[in-house]
Every structure is written in structure tokens, then in C-alpha cells.
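**Q** Fold the following, please.
(chains A, B, C and D)
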There are 2 protein chains.
Amino acid sequence: MNEDMGSEGGKNKVRRDRETGTLGKLVSLLDLVALADGPMRFTDILTSSDQPRGTLHRQLSHLVEEGLLEVDRDGRYLIGLRLLTFASRSWARNEFRAVAEPHLHRLQEYTGETVHLGVLRGAEVIYLDKVEGRQSVRMYSQIGNASPAYCTGVGKAALSALDEAELAARISGFEFRLYTEHTLRGPAELLSDIAAIRARGHAFDLEEHESGICCVAAPIRSDDGDMLAGVSVTGPAYRVTPQKLQAWAPLVVAAADSIMMDMRNRMGPKR
Amino acid sequence: MNEDMGSEGGKNKVRRDRETGTLGKLVSLLDLVALADGPMRFTDILTSSDQPRGTLHRQLSHLVEEGLLEVDRDGRYLIGLRLLTFASRSWARNEFRAVAEPHLHRLQEYTGETVHLGVLRGAEVIYLDKVEGRQSVRMYSQIGNASPAYCTGVGKAALSALDEAELAARISGFEFRLYTEHTLRGPAELLSDIAAIRARGHAFDLEEHESGICCVAAPIRSDDGDMLAGVSVTGPAYRVTPQKLQAWAPLVVAAADSIMMDMRNRMGPKR
DNA sequence: AATTATGTTCCAAATAATGGAACTTTCTAT
DNA sequence: ATAGAAAGTTCCATTATTTGGAACATAATT
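**A** Okay, the predicted model is just below:
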């Protein structure tokens, strides 16, 4: 299946075994540069990519020429702005996001806390939208971000919508890493949490990904079940108490259901 | 609406002559799908890309496998979310954007109107950040967007920082298109506007790109001059009168200068 | 100025992309 | 429901591109 690897955890060797030929190697390079802490020199990339010098040199020039990478004035490579342009189109044209938007705003206004929309992709959740109350400084920070499914509210909610078989298959590919002292520690804990989520209809994240951050989330699945997503309301633990999360749960679930409905109505006629 | 596109001005044939080998062809496909109005079927892409069926089929599968494209449930292709993830990293790690952020906020608070930060890339301006007052509905809309340099405040401001020779060279590559009745109609008008911008130190966009939208912008150039950018304050013509634009100009210029300074301080030590 | 580290160019050999055609599946009109 | 057409997928000998070692050039360091 589509083994997506844990973009966080990997020694990023360039040759992977997904068979996508030349493209695969180039995308791995992009990934390598994107994940780095800062601009990388030719030699940095050379050592982490085990490609021969000549080869790497040409690959990088091609990526630069296409705007996928950029070179700073010290000749170091960083991820290119062209990707921003592609992404902005991807985002603007995303139907699901557009359908969900008004519901996210409503949820934000009611709770006063931050609302997230994320979709499940392999072992990760990719955040598609974020609505904040007071415009905080880190405006777009979260959009496009990929986080492990097993330690985020949205991720666990989405997972809970899978049937047993699919769920087991997915989880077997997860790599459990301890982000905080509350992070779930393995398949067993995750499965039992998911059972509870199924029973309740909503998921909690109690400082499992980031210390001091809690959320309540609900799953969204498309009719055919080939898209799984989730909505969540998130806030700092000192303000967002378990009682509040509990109280908001029905609202979050309702928002998720409305998004599902709207999506169904929009997609239904076609097909 | 903000009709963007026209990014290069091409009939989007896939084989272009930039020599980037296989990558070039694949990126052209991405571009084709990204620019389309909606999801494309295999055949749609086939006809607009003049690739043989077998070839195209494999290219698309590779792009999909890498997450750069996605396939909807009707088998149609659309731009993939993985690009969002790359972009979010590109954005989060962008030093220039980070340095500029506080200045943009200050400018926004003072004027109450929307502030943009954009960088010049070839004939286009790519918007790197946007700060709005009341959180409007279209949050992420502008970021990553590429617009022609010659009809945007940020673009013209950035162009004004080029020396004569470079400027002439760039302009020769522009394709002038009439977005509104106020859009500059060709190199001559642009050059004379740029002369004025140089004399004043700031640029105006008086409904040149979008009807009813005006802005005042100032150029930002790095010491070595290899990065050109601009800041602008933008708003609807009925509210943002020429007098206001005039009054804000010094602030915008000051913000641009501060960003330049901060950038110099941050970059200086290295090198 | 000499030495080393870093980046660039070259080209025969290896590998991956190509594209025509045969094949399968999905629509469409009767 | 069925035939026919359109859309999508697979196959494989041919062709073109990528590969990678090594020589060459340039910048940094002593």
C-alpha cells in the first residue's frame, strides 16, 4: 500500500523504494531540504543523500531551474517559493475545505477557541484550515502541516471511522514516538482510545502531541469512505478544561455532520 | 475576482524548452493541472499535453504516487495536498518573511487596511504574507499567489529598485494584459511610472490589477540586490482615497526600510 | 603561495523514459 | 439489455536521459 513513512522520524536517505523513477529521487531531495533546519550547502545534501556528486549537482540545478528549490546568496539550497504558488492553488481549489469553511467559523465563534480541519493521509493528518479568534501572530502556521494521526484529536477521530481491518492495517505502519508524557504509547493504548471514541462519537487530545494543548474532535467521512477527515476545537489546557471540552463535543460533532451533509449534497448529483 | 493565471502566458503545452529533462515535463503537468478550473480527466490532460497515452499515464501515476497530484473518486486529477505540506515548510522557514512580520503588523494596525509582502520572481510577484484587520473570510487566499509585477504596487515598487539595464531586460519579457481600464498598457507607460516611483520612493496601484482596489507600496532590496521585494497597504478605492495613500506613503517606506535594516543585521554577520 | 575543501563539467555505460499497439473497462445510445 | 464507442491501462522493443567516476575549476584556509 502507500507506505507514507513518518516524515518526522526518518533518516532521510534519498533512494527509497517507492517506484517512481526519477521523480521519486527528486522529491526525496525536496523533502530532505524541506525538513532541514535551515539552508543546506551542496556538501550537506551530498552527505545525506548518498548520490554521486555529478548526479546530485544536475538534480539540484534542475530543481532550482524549475523553482522548486532556491539558492541563497551563499549558494545554499532552500525550498522554493514556487511550491507556495502550487500550494495556494491546491488550497484555493479544495472543495472540501470550501464546504467546511462556514462551519469552522461558526464553531470558532461559539467556542472562542481555535478550530482546525484536517484530513488523514497515511499515518498523518494534514491540516487544511485553521480558524483563530483573535488574530494571533502565527497566522498560517498550521495550514499544510503534517502531524502523526495517533496523537492528534483530528487524527484519532478520523481513524475511528475506519473499520477494524483497515484500522489494524494502518496502525501496523505507525511509528509511536513520545511527544509528551501523555502521548499514547503504542497500538494497544491507541486501540482502546479508539474504542472509546467510537462509543462517544468524539475524540480528545489531552496534551498528547504538545504539552499544555488540548482538543476535542469529531470524524468526517465521505459516503464512499475514501476520504477521512476531522474537525477540532483546540486551546490551552488552563483555559480549555475537560468540562468545556465535554460541553463542546456535541457542537463539534454537529459541525462535522453538517460538513458531511453539505459535502454529500455537493457531490451527490455527480458520480 | 482575482483572476490570476497567465503565469507565463503560455498555451500550456507540456514540452517546453527549459532544459530540465524529465522533471520539466512533470512540473509542466503539475502546472497544467494546477491552472485548470477544476479536476481534469485523463483525456483532458492528454489533449492539452501532447504526450503519448502510455507516457502520460505513467507520468501521472508517478505524480500521484508521490502525492503531488491526487485522483478524485471519479478518476479525475487534481493538485495534491503534499504540495501544501512542502509549502508550509517553505513559508515557515522563510527568514525574510519572519523578519518582516512585526513590521507588517505595525503597518496594519496603523492604517487599518490590509498589508501585503511580496517578492519579485521573474515577471511576477509572489505574495509571501498578508495581514488583515478584521479577520475576513478569505484568510489564506493571497499567500503564494503570483501576480504580474507590472500591475501591482509591490511589483512596480520592486522593479523600481532595478538599474536601467536589468529593468529593460526584464520588461522585454513582460506580456502586458489589460486587467482593468487602468492597467498600464505597455513598456512605455510602465517605464514612465517607474521613473515617478523612483523620484517619490513609493509606488501606487490605482485599480490597475483589480477594479476598485488601490494600494501604496515601497521597495525592499537586499544589500547585494539579488532579492527584490515590496510591502504595500491595500484597500477598496471608496475607503482608501488618493489622499490617504499619499499620507501613508512615508509609513510604508519606513516599514520597508526597517525590514531592510533588520534583514541586514540578521544576514550581516554571516557571509 | 601552497594546500585543502568545495563546487562544476565531461562522457561512456547503465538505466529509465518513450510511444505505438493491443487490451480492458466504462460510458452512451439504441 | 446490447452493441459500439470512448476512456483508461498494460506491454515491450527502441530511444533518450540519467548516472557516476574522474578530471577540472574555483573558493576558502593556512
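
**Q** and whichever residue of the stretch 51-200 of chain A sits closest to DNA strand D, how many neighbours?
**A** At 2.4 Å from DNA strand D, residue A:54 is the closest residue in the stretch 51-200 of chain A, using C-beta to the nearest atom of the strand. Every C-beta, even on glycine, is put in place using the N, C-alpha and C of the backbone. Neighbours of residue A:54 under the rule other C-beta atoms under 10 Å in any protein chain shown: 8.

**Q** Could you verify that it is part of a helix?
**A** Yes. Residue A:54 forms part of a helix when assessed by DSSP: H, G, I helix; E, B strand; the rest coil.

**Q** Quick check: the most far-flung residue of chain A relative to its centre vs residue A:46, distance?
**A** Distance to the chain centre peaks in chain A at residue A:54, reaching 35.1 Å (criterion: C-alpha atoms, centre = their mean). As for residue A:54, its distance to residue A:46 is 11 Å (criterion: C-beta to C-beta, to the nearest Å).

**Q** what sits against the residue of the stretch 51-200 of chain A closest to DNA strand D?
**A** By C-beta atoms under 8 Å, 6 or more residues apart in numbering or on different chains, no residues touch residue A:54.

**Q** what separates it from residue A:60, distance-wise?
**A** 11 Å.

**Q** cool, residue A:202 as well?
**A** From residue A:202 to residue A:60 the distance is 47 Å (C-beta to C-beta).

**Q** ok, now residue A:19?
**A** Residue A:19 sits 23 Å away from residue A:60, going by C-beta to C-beta.

**Q** all strands for the stretch 51-200 of chain A, in order.
**A** With DSSP state E, counting those that start in this stretch as the criterion, the stretch 51-200 of chain A has strands at A:69-71, A:77-79, A:114-121, A:124-131, A:146-148.

**Q** To residue B:196, which of the ones you listed lies closest?
**A** With distances scored as C-beta to C-beta, the stretch of those nearest to residue B:196 is strand A:69-71 (31.6 Å).

**Q** hmm, the closest one touching DNA strand D?
**A** No. Applying C-beta under 7 Å from any atom of the strand, one finds strand A:69-71 separated from DNA strand D by no less than 13.8 Å.

**Q** you'd agree residue A:218 is up against residue A:230?
**A** Yes. With contact defined as C-beta atoms under 8 Å, residue A:218 reaches residue A:230; the gap is 6.4 Å.

**Q** which strands and helices sit next to the helix or strand that contains residue A:265?
**A** Here residue A:265 is covered by helix A:242-267, with elements defined by DSSP states H and E. Packing contacts for helix A:242-267, counted by 3 or more C-beta pairs under 8 Å, 6 or more residues apart in numbering or on different chains; DSSP states H and E, involve helix A:95-111, strand A:213-221, strand A:228-236.

**Q** Compare those and give me the one nearest residue B:207.
**A** Across the helices and strands packed on helix A:242-267, residue B:207 has its closest neighbour in helix A:95-111 (27.5 Å, C-beta to C-beta).

**Q** angle of that closest one against strand A:124-131?
**A** Counting by axes from the mean of the first three to the mean of the last three C-alpha atoms, to 10 degrees, helix A:95-111 lies at 60 degrees to strand A:124-131.

**Q** Is any residue of helix A:95-111 near chain B?
**A** Yes. Interface with chain B: helix A:95-111 contributes A:101, A:105 (C-beta under 8 Å from any C-beta of the partner chain).

**Q** Same question for stretch A:219-236.
**A** Yes. Contact of stretch A:219-236 with chain B (C-beta under 8 Å from any C-beta) involves A:222, A:224, A:226.

**Q** Just the buried residues of that stretch, please?
**A** Neighbour-count burial for stretch A:219-236 flags A:219-222, A:227-235 (criterion: 16 or more other C-beta atoms under 10 Å in any protein chain shown).

**Q** Could I get the CA-only coordinates of it as PDB?
**A** Only the C-alpha atoms of stretch A:219-236 are listed here, as PDB (Å, rounded to 0.1, in the frame of the first residue of the first chain):
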ATOM      1  CA  PRO A 219     -14.700  12.500  12.500                       C
ATOM      2  CA  ILE A 220     -15.800  13.300   9.000                       C
ATOM      3  CA  ARG A 221     -16.000  10.600   6.400                       C
ATOM      4  CA  SER A 222     -17.200  10.700   2.800                       C
ATOM      5  CA  ASP A 223     -20.000   8.400   1.700                       C
ATOM      6  CA  ASP A 224     -17.700   6.000   0.000                       C
ATOM      7  CA  GLY A 225     -15.400   6.200   2.900                       C
ATOM      8  CA  ASP A 226     -12.400   7.000   0.800                       C
ATOM      9  CA  MET A 227     -11.800  10.300   2.500                       C
ATOM     10  CA  LEU A 228     -11.300  10.600   6.200                       C
ATOM     11  CA  ALA A 229     -11.000  13.900   8.000                       C
ATOM     12  CA  GLY A 230     -11.800  15.600  11.200                       C
ATOM     13  CA  VAL A 231     -12.700  18.900  12.900                       C
ATOM     14  CA  SER A 232     -11.400  20.000  16.200                       C
ATOM     15  CA  VAL A 233     -11.600  22.800  18.800                       C
ATOM     16  CA  THR A 234      -8.200  23.400  20.400                       C
ATOM     17  CA  GLY A 235      -6.900  25.500  23.200                       C
ATOM     18  CA  PRO A 236      -4.500  25.800  26.100                       C
END
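
**Q** chain center to that stretch, what's the gap?
**A** With C-alpha atoms, centre = their mean, to the nearest Å as the basis, stretch A:219-236 stands 12 Å off its chain's centre.

**Q** who's in contact with residue A:155?
**A** So residue A:155 contacts A:118, A:120, A:124-125, A:147-149, A:230 (C-beta under 8 Å, 6+ apart).

**Q** Buried subset of these, written for ChimeraX?
**A** Buried subset of the contacts of residue A:155, written as a ChimeraX selection, criterion 16+ other C-beta under 10 Å:
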select /A:118,120,124,125,147,148,149,230
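
**Q** Residue A:19 and residue A:60 - which one has more neighbours?
**A** For residue A:19 and residue A:60, the more surrounded residue by other C-beta under 10 Å is residue A:60, and the numbers stand at 23 against 9.

**Q** For the more buried one, which residues are in contact?
**A** A:29, A:42, A:45, A:69, A:77.

**Q** Surely the fourth one and residue A:77 touch.
**A** Yes. Checked against C-beta under 8 Å, the pair residue A:69 and residue A:77 is within contact range at 5.2 Å.

**Q** any residues in contact with both of the two?
**A** Contact with both residue A:69 and residue A:77 is made by residues A:33, A:60, according to C-beta under 8 Å, 6+ apart.

**Q** how about the strands of the stretch 51-200 of chain A in TSV, adding distance to residue B:257?
**A** Output for those, formatted as TSV (distance: least, C-beta to C-beta, whole Å):
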stretch	distance to residue B:257
strand A:69-71	25
strand A:77-79	25
strand A:114-121	34
strand A:124-131	32
strand A:146-148	37
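
**Q** of those, which approaches chain B most closely?
**A** strand A:77-79 (4.1 Å; C-beta to the nearest C-beta).

**Q** residue ranges with poor pLDDT in chain A?
**A** A:1-18, A:134-141, A:267-271 (pLDDT under 70).

**Q** Pop the domain breakdown of it in here.
**A** For chain A, the domain assignment from automatic domain parsing gives the residue ranges A:21-82, A:94-267.

**Q** Of all these, which one comes closest to DNA strand C?
**A** With respect to DNA strand C, and counting by C-beta to the nearest atom of the strand, the nearest of those is domain A:21-82 at 2.5 Å.

**Q** Pull the distance from the closest one to the chain's centre.
**A** The answer for domain A:21-82 is 23 Å, by C-alpha atoms, centre = their mean.

**Q** Determine whether any part of that domain lies close to DNA strand C.
**A** Yes. Against DNA strand C, domain A:21-82 shows contacts by C-beta under 7 Å from any atom of the strand at A:21-23, A:41-43, A:46, A:53-54, A:57-58, A:75.

**Q** orientation of the helix holding residue A:265 relative to strand A:114-121 in degrees?
**A** Interaxial angle of helix A:242-267 relative to strand A:114-121 (the same axes, to 10 degrees): 60 degrees.
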